[in-house]
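**Q** Predicted model, plus sequence, below.
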Amino acid sequence: SEDALFRLVLGDAFGQRRKRLLPRFDKSYPEVASRMRALGISDNARPETIPPAVWWEAVKGVPSPFA
C-alpha cells in the first residue's frame, strides 16, 4: 500500500548517515526519485528540508514492493 511504501521511503531517507537523498534513491526507489525531482527537489536536498506533502506526493501512486 502507499502507506507502507511511504514509511519505507521515509525510514530509508532518515536512517542513513549520508544525507544526499536523490542519488541514493535513484538505485532503491527510482520512480520516487524521479517524482521528487519533478516536484522541484534538488539532488543535494537533505530529507529534513523536504515538506511532508512533497514526500507523500512523491510516493502516491507508486507501486508498493509489498503488493
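**A** Perfect, I can see it now. Keep in mind it's a predicted model, so treat the numbers as computed, not measured.
**Q** quick one: Gly40 from Ala53, how far?
**A** 12 Å (C-beta to C-beta, to the nearest Å). Any C-beta I mention is one placed from the backbone N, CA and C, and that applies to glycine too.
**Q** again with Arg24
**A** Counting by C-beta to C-beta, the gap from Arg24 to Ala53 is 22 Å.
**Q** Compare those two (neighbour count), which wins?
**A** Taking neighbours as other C-beta atoms under 10 Å, Arg24 and Ala53 compare with Arg24 leading, 15 against 9.
**Q** Verify the stated contact: the more buried one with Gly15.
**A** No: at 11.1 Å, Arg24 does not count as touching Gly15 under the criterion of C-beta atoms under 8 Å.
**Q** How about Ala33, nearest residue that isn't a chain neighbour?
**A** Nearest residue to Ala33 in three dimensions, chain neighbours excluded: Phe25, at 3.8 Å (C-beta to C-beta, 6 or more residues apart in numbering).
**Q** For that neighbour, what are phi and psi?
**A** Main-chain dihedrals, Phe25, degrees, to the nearest 10: phi -70, psi -20.
**Q** who's in contact with it?
**A** By C-beta atoms under 8 Å, 6 or more residues apart in numbering, the contact set of Phe25 is Val9, Asp12, Ala13, Val32, Ala33, Met36.
**Q** between those, which is closest to Pro63?
**A** Val32 (10.8 Å; C-beta to C-beta).
**Q** Tell me, how many residues neighbour the closest one?
**A** 23.
**Q** Packing partners of the helix or strand encompassing it?
**A** Element membership for Val32, per DSSP states H and E: helix 30-38. Helix 30-38 sits against helix 21-28, helix 52-59, with contacts defined as 3 or more C-beta pairs under 8 Å, 6 or more residues apart in numbering; DSSP states H and E.
**Q** Output that helix as PDB, nothing but the C-alphas.
**A** The C-alpha trace of helix 30-38 is given here as PDB (Å, rounded to 0.1, in the frame of the first residue of the first chain):
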ATOM      1  CA  PRO A  30      13.900   5.300  -9.000                       C
ATOM      2  CA  GLU A  31      10.300   6.300  -9.500                       C
ATOM      3  CA  VAL A  32      10.200   8.200  -6.200                       C
ATOM      4  CA  ALA A  33      13.400  10.000  -7.100                       C
ATOM      5  CA  SER A  34      12.100  11.000 -10.500                       C
ATOM      6  CA  ARG A  35       8.900  12.300  -8.900                       C
ATOM      7  CA  MET A  36      10.800  14.300  -6.300                       C
ATOM      8  CA  ARG A  37      12.900  15.900  -9.000                       C
ATOM      9  CA  ALA A  38       9.700  16.800 -10.900                       C
END
